[in-house]
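Q: Need a 3D model of the sequence below.
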Amino acid sequence: MKAYRVYFGGSFYPPHLGHDEMLLALLAKPEVKAVHLVPTYQNPLKESSQILLRGAPVDKNKFIYQVMEAWMSSLKSRNVQGLEKIQIEWLELEQSKATYTFDTLSKLSEQYPDEPWALCVGDDCLDGLEKWKHIDALLEKIEEFWVFPRGKVEMSLVERVSPGLRSLCVWRVMTEKVMEVSSTEIRDFFEGADASRELLGKMLPEVATCFRR
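A: Numbering: from 1, shown residues only. As a prediction, this is how the structure comes out:
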């Protein structure tokens, strides 16, 4: 069986149950050798955002470090198997600017020559995929592209991607459906209000405490 290094990037401010469900699924797969979690400082396809809690600005880097640590603590407290597979990569966060998956994956793949990579995303990333920097070259760097569905599990999800891009690597729709929730939704809510019970149900308790200042 081929063993993959999986690139799992995202804003992760904060990580939520959707992220957690994806990570648990990856850790449980025997073909996954390592999961490289890559928190980003700024998605170049989104407007620059400042983190506010109760209307007060928060140091973005410090906050992301804090919530990532809380996420890892949550995994340990649940005795999740496979934690040794997790490698948190701080390359993008340390740059404190907009960064690109192509550049980061290029640097990581140099550290592990001749090892196969898979790129993991939620299906919400598919619609803007053709805007990613050097997307053709990026897909040629990986062997497989793994998509986690938020709705019905069906291979037709990848038909949202152009045939040209689909021809550059193997595409897999994962069988595990993940919760539909966004980090932006959580951040926006905490900027000026207490979290609703429904929203708290989409968060890890350890991460939720990071919003209580």
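
Q: how about A98, what does it touch?
A: Y41, Q42, N43, P44, S48 (C-beta atoms under 8 Å, 6 or more residues apart in numbering). For glycine as for every other residue, the C-beta is placed from the backbone atoms N, C-alpha and C.

Q: ugh, wrong one, I meant V207
A: Going by C-beta under 8 Å, 6+ apart, the list of residues near V207 reads P14, P15, H16, V67, A70, W71, S74.

Q: that older thread, may I see the contacts of A98 arranged in TSV, with pLDDT as well?
A: Shown next, in TSV, are the contacts of A98 (pLDDT from 0 to 100):
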residue	pLDDT
Y41	89
Q42	85
N43	82
P44	82
S48	62
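
Q: Name the nearest of those relative to Q111.
A: Y41 (20.5 Å; C-beta to C-beta).

Q: the longest helix in the protein is where?
A: Longest helix in the chain by number of residues, with DSSP state H as the criterion: helix 60-77.

Q: So which residues lie in contact with it, not counting its own?
A: Contacts for helix 60-77 (C-beta under 8 Å, 6+ apart): 12-15, 19-20, 23, 37, 39, 41, 50-51, 83, 86, 88, 93-94, 96, 204-207, 209-210.

Q: one step back: of the contacts of V207, closest to H134?
A: P15 (26.9 Å).

Q: Make sure I have this right: the closest one is in a helix.
A: No. P15 is assigned coil when assessed by DSSP: H, G, I helix; E, B strand; the rest coil, not a helix.

Q: Go ahead and confirm it touches A208.
A: No. Counting by C-beta atoms under 8 Å, P15 sits too far from A208 to count as a contact (11.0 Å).

Q: Of the two, give the one with the bigger neighbour count.
A: Neighbour count, other C-beta atoms under 10 Å: between P15 and A208, P15 has more, with 27 against 19.

Q: Tell me the pLDDT of that one.
A: P15 is assigned 91 on the pLDDT scale.

Q: where does the nearest residue to it once chain neighbours are set aside sit relative to V35, distance-wise?
A: Sequence neighbours aside, W71 is the residue nearest to P15 in space, at 4.5 Å (criterion: C-beta to C-beta, 6 or more residues apart in numbering). Distance of W71 to V35, computed by C-beta to C-beta, to the nearest Å: 12 Å.
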